[in-house]
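Novice: Generate a structure from the sequence data that follows.
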Amino acid sequence: MEKKRLILFGIIGPLLYFSILTLLGILWSGYNPISTGMSEIGAVDSPFSNIMNYLGFSLLGISIILFSTGFRDYFKKGWQIATSYILLLAGGISMFLVGFLPCDAMCIDVTLRGTFHSIASTISAIAVSLAIIIAAYPVSKKLGKHWGYASFYIGILSMASGPIMLLGLLAGYSGLIQRIGIGLSLLWMAVIALKLRKL
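Specialist: This next block holds a predicted model:
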């Protein structure tokens with residue numbers, strides 16, 4: 001599959017993911033996207049578990065994997081692009097696995113599967129954020145310095161969402177913080193995909 005088609009998954013994946021996430025959140029009576037994490041829509045006690053896991057998390061993972069290959073092919077060889085590609089690939093694979101590892105009820109880890117869910121989702125978030133940070137220099141060379149700076153800071157902000165949640169800061173807004181974290185990463189994918197296709 002040529003790079004112009006592969007890179008499109010950086011747009012398609014995020015759009016589908018947030019559409020499904022938003023729709024299921026609205027359909028689930030009592031669900032609060034500000035205070036409640038995204039994984040709870042795919043938890044074992046969720047009425048939309050299978051839809052969120054397979055059409056949400058796993059499909060997003062496949063999109064990240066395909067985007068990573070297209071992204072790599074738009075650049076000349078270099079350690080930053082090679083590293084970013086590996087990290088995006090790892091993030092995509094981890095996100096794909098998240099769909100087969102639903103978290104426990106209310107996303108409180110009590111089983112091995114629930115623990116693996118937390119591990120896989122954490123790996124995905126860290127890997128994609130790091131990929132964005134490391135790609136900043138080659139992005140600046142290809143698209144301009146301002147795009148390189150944007151990549152760097154988007155990666156940093158996306159990465160920061162994890163420690164904020166881990167430390168319990170803004171606890172009542174964990175769902176919002178989580179959405180901002182992944183949203184920034186997926187926004188980067190979509191915008192970079194659009195820019196590269198125009199070259």
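Novice: In the chain, where's the longest helix?
Specialist: Counting by DSSP state H, the longest helix found in the chain is helix 174-198.
Novice: So for that one, mean pLDDT?
Specialist: Average pLDDT, helix 174-198: 94.
Novice: Over to stretch 103-123?
Specialist: Rounded mean pLDDT across stretch 103-123 is 94.
Novice: Between the two ends of that stretch, how far is it?
Specialist: End-to-end distance for stretch 103-123, by CA to CA, to the nearest Å: 15 Å.
Novice: got the buried residues for that stretch?
Specialist: Using 16 or more other CB atoms under 10 Å as the burial criterion, the residues of stretch 103-123 that qualify are 103-104, 107, 114, 116-118, 120-121, 123. C-beta here means a position set from N, CA and C on the backbone, and glycine is covered the same way.
Novice: same check, this time on stretch 75-93
Specialist: Quick answer for stretch 75-93 (16+ other CB under 10 Å): 75, 80-81, 84-85, 87-93.
Novice: Kindly report the same for stretch 22-42.
Specialist: Buried-residue list, stretch 22-42, by 16+ other CB under 10 Å: 24-25, 28, 31, 33, 36-42.
Novice: tell me the contacts of Ser49?
Specialist: 41-43, 102 (CB atoms under 8 Å, 6 or more residues apart in numbering).
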